[in-house]
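**Q** need a 3D model of the sequence below.
(one chain, ligands or ions: 2)
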Amino acid sequence: MLNDQKVCFSGVQPSGNLTIGNYLGALRNFSAYSEAYKCFYCVVDEHAITVRQEPAELRRRTFETLALYIACGLDPDKNTLYVQSHVPAHAELAWILNCFTMFGELSRMTQFKDKSARHADNINAGLFTYPVLMASDILLYQTDVVPVGVDQKQHVELCRDVAERFNQVFPGTFTVPQPMIAENGKKIMSLAEPAKKMSKSDENPNAVVYILDDRDTIIRKFRRAVTDSDTVVRFAEGKDGINNLMTIYACFTGKTMEEIEREFAGKGYGDFKAAVGEVTADALTPVRTRFGELLADKAYLEAQMKKGADEAAYVARRTLSKVQKKLGFVPRA
Ligand code: ATP
Ligand code: LTN
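**A** Ligands and ions are numbered 1, 2, ... in the order given. Just a heads-up that it's a prediction; the model follows:
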């Protein structure tokens, strides 16, 4: 919509160490949009505080997440990379959209149900209205596409419903976005409990491979991954552990499931797990090296953050002003 160029938006919370789930489901797909779309990639620190965060850690992880964006191939000259709390329009539009979102539809969000079960001592209103802030992130930029893992599909669909509802009352306000979910890697599972999503907030570090784990750690974690009592590497119902490892191997090698089955025919799970570890470590080593260089140059990261926030704030303010005007808010003289 901006100068006829299509817009892409996505966000990652600085709420923990990023996992290969975050990488395969989201981050590594982001750079594919940079040529054809105007891309905004946000570090969503306001979303992260829906769960208690230690302030020094939140600050450190905000820098780290920005550095990871760049280390994963996002060129700050071709993409707008910024921090959510640096652009106040996000929180301002979220309030307005709260008044266009129904209590019932927020109650149906599975992430709210999961997180309120996991943080029963802190079921705050922010956790409940989290998807409304996410809708304002997306709608502020007149976004066409939102690359995310499959767990976020429900939130993007809610965003579409809110945009359509608003557009019905005030026609032509928002572009209605599409979720873009990569076929391969849309849901990477835990290595310890392969029926569960791999999550950066998992308490068991062996269940999760972090993007920044070193080679030996990656290989060790895959060696310990839970599988089954079968011995044949094949993709099949009821083989959650092997299916997940095959998915990860497919993502990093570009091979199909049939090719993987053929490659490991006559070999055991041990050989296969070692191979998954190797290809994962090979793919992530350059990311980790680049990340280290970036993190050593805080002034550079600060400068990129500022540039990104200036670019984002300009676009966001335009949409917010349009919305405020349509609603009947008196413009400040
Ligand atoms: P938490 O587990 O703490 O709730 P998260 O990793 O799910 O955090 P984000 O950091 O906000 O949440 O996720 C960033 C992106 O990574 C989102 O697009 C999300 O869909 C994707 N993602 C997260 N986990 C996975 C996974 N296991 N497989 C594929 N994509 C994932
Ligand atoms: N809710 C997402 C993070 C997120 C996001 C967004 C993703 C916040 N705002 C806008 C895409 C677009 C999550 O928890 N993974």
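**Q** and the strands in the chain?
**A** Using DSSP state E, the strands found in the chain span residues 6-12, 37-43, 79-83, 145-147, 178-180.
**Q** residue 153 is nearest to which of these?
**A** Closest of the strands of the chain to residue 153 is strand 178-180, at 5.2 Å (criterion: Cβ to Cβ). C-beta coordinates here come from the backbone N, C-alpha and C atoms, glycine included.
**Q** need the strands of the chain in JSON lines with distance to ligand 2 and mean pLDDT, can you?
**A** Listed next are the strands of the chain as JSON lines, based on distance: least, Cβ to the nearest ligand atom, whole Å; pLDDT from 0 to 100:
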{"stretch": "strand 6-12", "distance to ligand 2": "3", "mean pLDDT": "98"}
{"stretch": "strand 37-43", "distance to ligand 2": "7", "mean pLDDT": "98"}
{"stretch": "strand 79-83", "distance to ligand 2": "12", "mean pLDDT": "98"}
{"stretch": "strand 145-147", "distance to ligand 2": "5", "mean pLDDT": "98"}
{"stretch": "strand 178-180", "distance to ligand 2": "9", "mean pLDDT": "97"}
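**Q** so which of those strands is the most packed in?
**A** Across those, averaging neighbours per residue (mean count of other Cβ atoms under 10 Å) puts strand 37-43 on top, at a mean of 25.
**Q** what's the lengthiest helix in the chain packed up against?
**A** If you go by DSSP state H, the chain has its longest helix at helix 298-327. Under the contact criterion of 3 or more Cβ pairs under 8 Å, 6 or more residues apart in numbering; DSSP states H and E, helix 298-327 touches strand 37-43, helix 55-71, strand 79-83, helix 89-98, helix 269-295.
**Q** switch to 6 Å and redo it
**A** Helix 298-327 is packed against strand 79-83, helix 89-98, with contacts defined by 3 or more Cβ pairs under 6 Å, 6 or more residues apart in numbering; DSSP states H and E.
**Q** buried ones in that helix, by neighbour count?
**A** Using 16 or more other Cβ atoms under 10 Å as the test for burial, helix 298-327 gives 301, 304-305, 308-309, 311-313, 315-316, 319-320, 323-324.
**Q** now it: average pLDDT?
**A** Taken as a whole, helix 298-327 has an average pLDDT of 98.
**Q** for ligand 1, what's its nearest residue on this protein.
**A** residue 25 (1.9 Å; Cβ to the nearest ligand atom).
**Q** enumerate every residue touching that residue.
**A** Contact analysis of residue 25 by Cβ atoms under 6 Å, 6 or more residues apart in numbering lists 149, 185, 186.
**Q** again, only using 10 Å
**A** 19, 147-152, 181-182, 184-188, 197-198, 251 (Cβ atoms under 10 Å, 6 or more residues apart in numbering).
**Q** quick check on the residues you listed: which are buried?
**A** Listed as buried from those are 19, 147-149, 151-152, 181-182, 185-186, 188, 197-198, 251; burial here means 16+ other Cβ under 10 Å.
**Q** between its first and last residues, what's the separation in stretch 62-81?
**A** One end of stretch 62-81 to the other measures 12 Å (Cα to Cα, to the nearest Å).
**Q** next one: the nearest residue to residue 105 once chain neighbours are set aside relative to residue 325, how far apart?
**A** Leaving out its chain neighbours, the residue that sits closest to residue 105 by Cβ to Cβ, 6 or more residues apart in numbering is residue 158, at 6.2 Å. Separation of residue 158 from residue 325 (Cβ to Cβ, to the nearest Å) stands at 25 Å.
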